[in-house]
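> just coords:
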């Protein structure tokens, strides 16, 4: 029975992937891509990777979808019926994608059986971190450097988006609010955020011992913030604001600071003294959650579109 | 044990039937408003029946509460999305 479910899931994923690449309209492709992200999240739960599933649903289905939809609306406004890529361009892209896929398939098939794994080592070192969730231990202790660089990349992406603003609007606020805010949207923006914030805090806290964590919690917070801005209940922040910029870098900055403290306290960059490993990790997670929420929200909000008031 | 499992089977089965009916309606109904009408049945009643059916299978009270919260939040978002889509349709073509 569960085999049937898995096969149906795989068939749906393949069909949606084909549709996304062949859909005529950009918007159709994006909507299908959002559905693809959600189904892929379901697929991750089927192989018991709940942390990945949550992230995939939140980022792949949620934030990326909204980012793409806004970009598409922007492009549509700019040039109606823009130029499409030539046949050669499409063919080259298709061949390159197929080559990457085939290469990955060959690599997966070439694994020895049983596949090499570090899972026992990761589980054995878990008590030293004070955490209960091995995924969080990998993200914030064993491979903390990767996580740190990932957050820095997010901020670089935001700088890239901000750079699209014309000179005169630099430092101004992005524009999310539609000219006319529908009443149901305003109602939702008043009702949902208390629950959303509660869920985000819960996800961040529970991430130490169960599936959940900074990225998922940050995405939920960002969604609540975007909802409030979309409904016009809170003005879009000016991108030159000091508090805003501090929030953006607070998480990575704390991460780096604690990383350097590791030289003094535990003998290496990003290593934690065992007695206070858990409080340190939870502190980094809390700061990172806020920074991720601000970064993702501003990424979706886009470059400044209103001149700075100051 | 058997009674709770039969309860779950009946309610989740009924929920699945509603989802099937809602999907059929979504595919077959002629205009946006009636398609939304079909969809809301699946979203509200279908998901509600599935959640009620799963309640006896919960290991803890908090687990059951989380399930109910999922249903309530899905209700809120589905109702808002329907209203927004219907509002957009209504504004686009001011009909009778």
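On my side now, so go ahead. Quick caveat, the model's predicted, so the values are computed rather than measured.

> C-alpha from now on. contacts and neighbour counts both.
Noted.

> Not including adjacent chain positions, what is the nearest residue to residue A:145?
Distances taken as Cα to Cα, 6 or more residues apart in numbering or on different chains place residue A:270 nearest to residue A:145, at 7.3 Å, with adjacent residues excluded.

> so what's that neighbour up against?
Residue A:270 is in contact with A:141, A:144-145, A:256, A:258-263, counting by Cα atoms under 8 Å, 6 or more residues apart in numbering or on different chains.

> go on, residue B:62?
Per Cα under 8 Å, 6+ apart, neighbours of residue B:62: none.

> What are the buried residues along the strand or helix carrying it?
Per DSSP states H and E: residue B:62 is located in helix B:61-92. Within helix B:61-92, the residues that count as buried by 16 or more other Cα atoms under 10 Å in any protein chain shown are B:64, B:67-68, B:71, B:74-75, B:78-84.

> returning to what we had before: are any of the contacts of residue A:270 buried, and if so which?
Buried, going by 16+ other Cα under 10 Å: A:141, A:144-145, A:256, A:258-262, out of the contacts of residue A:270.

> Quick check: the gap between the closest residue to chain A within chain B and residue B:74.
Here the residue of chain B nearest chain A is residue B:80; by Cα to the nearest Cα that distance is 5.7 Å. According to Cα to Cα, to the nearest Å, residue B:80 stands 10 Å off from residue B:74.

> Can you tell me the SS state at the residue nearest to residue A:145?
coil (DSSP: H, G, I helix; E, B strand; the rest coil).

> Where does the closest residue to residue A:239 other than its chain neighbours fall, secondary structure wise?
Excluding the flanking residues, the one nearest residue A:239 by Cα to Cα, 6+ apart is residue A:171, at 4.9 Å. Secondary structure from DSSP H and E places residue A:171 outside every helix and strand.

> who's in contact with residue A:171?
By Cα under 8 Å, 6+ apart, the contact list for residue A:171 reads A:238-241, A:304, A:307-308.

> try 7 Å
Residues in contact with residue A:171 (Cα atoms under 7 Å, 6 or more residues apart in numbering or on different chains) are A:238-240, A:304, A:308.

> quick one: which of the contacts of residue A:270 is nearest chain B?
residue A:141 (30.0 Å).

> Residue of chain A closest to chain B, please.
For chain A, Cα to the nearest Cα, closest residue to chain B: residue A:184, 5.7 Å.

> Report pLDDT for that residue.
Looking at residue A:184, its pLDDT is 89.

> just the one 10 residues further on next, same as before
Reading off the confidence values, residue A:194 has pLDDT 93.

> Now do the contacts for it.
Contacts for residue A:194 (Cα under 7 Å, 6+ apart) come out as none.

> Confirm it sits in a strand?
No: counting by three-state DSSP, residue A:194 falls outside a strand, being helix.

> Can you tell me how far it is from residue A:227?
12 Å.

> Can you get me a residue count around the closest residue to residue A:162 other than its chain neighbours?
Closest residue in space to residue A:162, ignoring its immediate chain neighbours: residue A:303 at 4.5 Å, by Cα to Cα, 6+ apart. By other Cα atoms under 10 Å in any protein chain shown, the residues close to residue A:303 number 25.
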